[in-house]
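Chemist: Fold the stuff below for me.
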Amino acid sequence: MKPLLSTYFLFLFVNTIQAQSVVLNNPNQTYLIFENCAALPIEPGQKITLDSLLHHPDTYRFSTLKQRPFQSDNKHSYWFKVDLINPTLDNYFLRCYYASDLVQVYEIANNQLIDSCQIDFHGTSNQDLFQRSRSILPLQLRQGQTRTLYFFVPNMSIPDLHIGIMSAQRLTKEIHFQDLLNGLFYGFIFIIVIYSLLLGIRLGDRDNILYALSTVVTTSIGISSNGTLLELPGNWVIALKDNHGVHTGISVLFQIGFILSFLQLRQRAPWLYRGGVALAVVVAIATAGVFSMYLLRQQQGHHLQDYLGITTAFPLTFFGTLAGITVAIKGYRPGLFYALGSISVLICTGLFVLSLYGVFPFMFWNQNGASIGLILEIIFFLLGLTYKINQLKKKQDEAILEQLRLTQENQTLIETQNRVLEEKVEQRTAELKASQAQLIQKEKLASLGELTAGIAHEIQNPLNFVNNFSAVSTELVDELQEGPLQLLPESEKAYSDAILGDLRHNMQKINHHGNRASSIVKGMLEHSRVSNGERQLTDLNKLANDYLRLAYQNQRAKDNLFTCQLVTSFDPTIPAIQLDSQDIGRVLLNLYNNAFYAIRQWEKQQTNGYQPMLEVSSYAQNGYVALRVKDNGPGIQEPIKDKLFQPFFTTKPPGEGTGLGLSLSYDIVTKGHAGDLLVDSQEGRGATFTVQLPI
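Modeler: Sure thing, here's the model as predicted:
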């Protein structure tokens with residue numbers, strides 16, 4: 001008896017499990033019915049129809065999913081069933097949230113088929129486009145009725161049906177909320193695309209344009225996948241949705257192009273650039289192959305769409321993340337934003353996929369993981385693009401500042417060059433004026449030379465006659481005195497000697513003054529003589545020393561008893577300068593001779609052991625080279641200092657100077673060499689003459 005009762009209660013328990021129902025008593029609730037379903041796996045090769053299940057219920061035992069955890073298997077087909085009870089006045093609808101596999105739905109009442117529908121990747125098989133695009137099936141379940149839903153899945157890749165039962169009121173709210181979110185999402189995408197296009201066109205930035213195109217293609221995948229376009233007429237919508245893998249491959253190609261350009265991989269990571277190009281080639285070949293199979297209507301092409309989407313999207317995410325992190329480590333900050341965006345997409349998409357497989361609840365955030373990931377990716381990418389644009393703007397500002405700096409430098413350089421040119425013009429003008437003055441001086445000297453030559457020609461010949469005839473007359477007087485006058489009587493001889501003596505004295509005076517006149521003419525010729533004007537680099541120290549020795553030897557030749565202490569102090573650092581060594585030599589010789597003459601005259605007047613001394617020194621100062629000649633003679637009286645450089649002015653006794661030496665020297669230094677000739681003297685303390693020549 002006990003075994004019989006045990007068997008009876010076990011039978012009741014199994015039938016209770018199989019008849020477990022979902023009571024639809026809350027119109028504001030969405031009932032996810034998969035966990036309340038009972039499942040019947042079908043072995044490969046086995047065929048079980050709906051009629052078999054309805055007419056032989058005891059033959060096929062369903063197991064509830066709560067009793068036995070469900071694991072999908074591509075080798076098996078599956079039947080699922082669930083009982084629905086409607087105690088309310090509301091009409092209920094079935095809605096499939098995600099269907100990657102074919103699902104056949106049957107509504108049964110009292111073992112009779114009431115309605116059927118097919119759900120697949122294109123939505124439901126309803127003729128109503130709205131219900132089809134939203135994967136909605138209206139149920140024939142009224143108040144107080146019970147219905148059994150059977151689901152047949154020939155090939156189940158995801159271990160969940162993701163089907164919900166809801167009232168019309170709840171369905172309206174869900175669709176309205178979903179449409180609102182879609183509107184906000186696509187509006188956001190539209191604004192981003194327009195902004196990126198305008199920014200790319202305005203700045204000429206290829207990255208913004210590539211990003212806008214990539215975003216359009218990527219978003220169009222979501223639009224076609226969620227069934228929004230199914231309400232549009234035409235088969236192109238079905239074709240577009242069937243080629244979601246090809247669609248994904250095209251999007252991947254755009255994104256690879258954006259990655260290569262935006263992250264500047266060619267310059268910053270050449271090995272990643274080559275890897276990206278290789279990935280793009282592989283994706284392009286695979287996409288073209290799958291699309292060709294679709295055009296050839298081969299069944300494998302439809303199955304490959306899913307694999308193509310997965311095998312291109314995930315390598316792209318990995319490649320983008322790796323590239324972003326790599327260039328970020330190398331200091332390119334936009335790479336960090338790109339890596340964060342790729343990681344966000346990977347995480348959100350991963351949560352969506354895991355929720356499909358039942359790891360996480362299929363709730364709002366997981367259900368919309370792909371869209372949320374895309375939004376986060378867009379935000380991070382925009383941050384990266386904004387940072388890049390700011391860097392570009394910063395570089396442009398720096399370039400503008402650099403241009404302003406260069407402009408200011410150019411302005412300063414122009415002003416400096418203008419000043420230099422003005423200085424050069426002034427310098428050249430001064431040189432031209434000096435050259436002009438020199439030419440005028442030379443012309444004057446040439447004219448004076450011609451005049452002097454004429455005077456010398458006219459005067460020198462009579463002077464020669466005077467000098468010669470005075471000498472001849474003196475000889476004749478001597479001959480007369482030694483000859484015929486010796487025959488005169490003594491009384492007359494004394495008278496004759498007196499007359500001859502007077503004649504001889506007169507002849508000597510004539511000869512003396514004739515020679516003096518000749519020396520004056522010679523001095524005038526010397527003053528007016530024009531040098532060749534050829535200038536060359538000359539060592540002034542050597543020139544001064546050579547002429548000093550020459551002048552001293554000349555003085556010693558005239559008077560071998562004359563001695564003078566020569567003191568030289570030449571600065572060895574003074575540079576060689578351009579000058580006419582012949583003219584400057586004449587100046588130095590004149591200064592030396594004047595100094596020696598003054599020393600000799602002063603020596604004759606001293607009785608207390610006076611030691612003649614002449615000091616010659618050189619030095620450089622303020623752009624000039626100076627040569628100083630200092631003696632310890634009598635000095636120069638103050639009233640006559642201003643007359644020293646006047647032509648024909650001399651302090652020497654008549655017959656010992658022409659007064660042209662210092663005048664000639666002054667003209668050579670000041671007019672011929674743009675220098676200066678200075679005198680410094682105190683009476684009784686010697687005189688100092690300083691020759692200043694520009695370097």
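Chemist: got the domain boundaries for this structure?
Modeler: 13-176, 179-399, 535-695 (automatic domain parsing).
Chemist: Ok, which of the ones you listed comes nearest Glu423?
Modeler: Glu423 lies closest to domain 535-695 among the domains of the chain, at 13.4 Å (C-beta to C-beta). In this view, the C-beta of every residue, glycine as well, is placed from N, C-alpha and C.
Chemist: end-to-end on the closest one?
Modeler: The first and last residues of domain 535-695 sit 13 Å apart, counting by C-alpha to C-alpha, to the nearest Å.
Chemist: Distance from the chain centre to that domain, please.
Modeler: How far domain 535-695 lies from its chain's middle: 64 Å, per C-alpha atoms, centre = their mean, to the nearest Å.
Chemist: nearest to Arg428, of the domains of the chain?
Modeler: The closest of the domains of the chain to Arg428 is domain 535-695. By C-beta to C-beta, the value is 12.9 Å.
Chemist: which residues touch Val252?
Modeler: Residues near Val252 by C-beta atoms under 8 Å, 6 or more residues apart in numbering: 283, 312-313, 316.
Chemist: again, 10 Å this time
Modeler: Contacts for Val252 were tallied using C-beta atoms under 10 Å, 6 or more residues apart in numbering; they are 214, 217-218, 279-280, 283-284, 286-287, 308-309, 311-313, 315-317, 319.
Chemist: now swap in Tyr338 and tell me
Modeler: Residues in contact with Tyr338 (C-beta under 10 Å, 6+ apart) are 258-259, 262-263, 320-321, 323-325, 327-328, 332, 377, 380-381, 383-385.
Chemist: For it, what is the enclosing helix or strand?
Modeler: Using DSSP states H and E, Tyr338 sits in helix 334-356.
Chemist: Correct me if wrong: Thr215 contacts Tyr186.
Modeler: No. Thr215 lies out of contact with Tyr186 (C-beta atoms under 10 Å); the separation is 11.2 Å.
Chemist: okay, these two: which has more neighbours?
Modeler: Neighbours per residue, other C-beta atoms under 10 Å: of Thr215 and Tyr186, the larger number sits with Thr215, 23 against 15.
Chemist: Next one, pLDDT for that one please.
Modeler: Per-residue confidence at Thr215 stands at 84 (pLDDT).
Chemist: Helices of the stretch 351-500 of the chain, residue ranges please.
Modeler: 364-367, 369-482, 490-528 (DSSP state H, counting those that start in this stretch).
Chemist: could you give the mean pLDDT of the first one?
Modeler: For helix 364-367, mean pLDDT rounds to 67.
Chemist: Where does pLDDT dip in the stretch 551-695 of the chain?
Modeler: Counting by pLDDT under 70, the ranges of the stretch 551-695 of the chain that qualify are 649, 651, 653-659.
Chemist: For it, which segments count as helices?
Modeler: Along the stretch 551-695 of the chain, the stretches classed as helices by DSSP H, counting those that start in this stretch are 581-605, 661-667, 673.
Chemist: Residues contacting stretch 172-184, please?
Modeler: Counting by C-beta under 10 Å, 6+ apart, 28, 30, 93, 95, 97, 130, 134, 136, 164, 166-167, 222-223, 226, 228, 364, 367-368, 371, 375 sit against stretch 172-184.
Chemist: Emit the PyMOL select command for whichever of those are buried.
Modeler: In PyMOL, a selection of the buried entries from the contacts of stretch 172-184 looks like this (16 or more other C-beta atoms under 10 Å):
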select buried, resi 30+93+95+97+134+136+164+166+167+222+226+228+367+368+371+375
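Chemist: Mark which of the contacts of stretch 172-184 are part of strands, please.
Modeler: 93, 95, 136, 164, 166-167 (DSSP state E).
Chemist: Surely Gln582 and Glu534 touch.
Modeler: Yes. Using C-beta under 10 Å, Gln582 is in contact with Glu534, at 8.5 Å.
Chemist: one step back: which two of the ones in strands among the contacts of stretch 172-184 lie the greatest distance from each other?
Modeler: Taking C-beta to C-beta, no two of the ones in strands among the contacts of stretch 172-184 sit farther apart than Ile136 and Ser167, at 12.5 Å.
Chemist: measure the residue nearest the centre of the chain to Gln264 for me?
Modeler: In the chain, the residue lying closest to the centroid (C-alpha atoms, centre = their mean) is Ala399, at 7.2 Å. Ala399 sits 19 Å away from Gln264, going by C-beta to C-beta, to the nearest Å.
Chemist: helix or strand right after the least confident helix or strand in the chain by mean pLDDT?
Modeler: Least confident helix or strand of the chain, by mean pLDDT, DSSP states H and E, is helix 2-18 with a mean of 34. Next helix or strand after helix 2-18 toward the C-terminus (DSSP H and E): strand 21-23.
Chemist: hmm, who's touching that next one?
Modeler: Residues outside strand 21-23 that contact it (C-beta under 10 Å, 6+ apart) are 31-33, 35-37, 82-88, 146-149, 165.
Chemist: packing partners for the helix or strand following that strand?
Modeler: Remark: after strand 21-23, the chain's next helix or strand is strand 31-32, criterion DSSP H and E. Applying 3 or more C-beta pairs under 10 Å, 6 or more residues apart in numbering; DSSP states H and E, we find strand 31-32 packed against strand 21-23, strand 163-167.
Chemist: quick one: which of those is nearest Leu503?
Modeler: Of all these, it is strand 163-167 that lies closest to Leu503, at 165.8 Å by C-beta to C-beta.
Chemist: avg pLDDT for that closest one?
Modeler: The predicted model assigns strand 163-167 a mean pLDDT of 91.
Chemist: ok, that strand: who's next to it in the sheet?
Modeler: strand 31-32 (antiparallel), strand 92-96 (antiparallel) (DSSP bridges).
Chemist: C-alpha coordinates for it, CSV please?
Modeler: The C-alpha coordinates for strand 163-167 follow below in CSV (Å, rounded to 0.1, in the frame of the first residue of the first chain):
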residue,chain,number,x,y,z
ILE,A,163,10.8,36.8,-23.9
GLY,A,164,8.5,38.9,-21.8
ILE,A,165,4.7,38.9,-21.4
MET,A,166,3.1,42.3,-20.6
SER,A,167,-0.2,44.1,-20.8
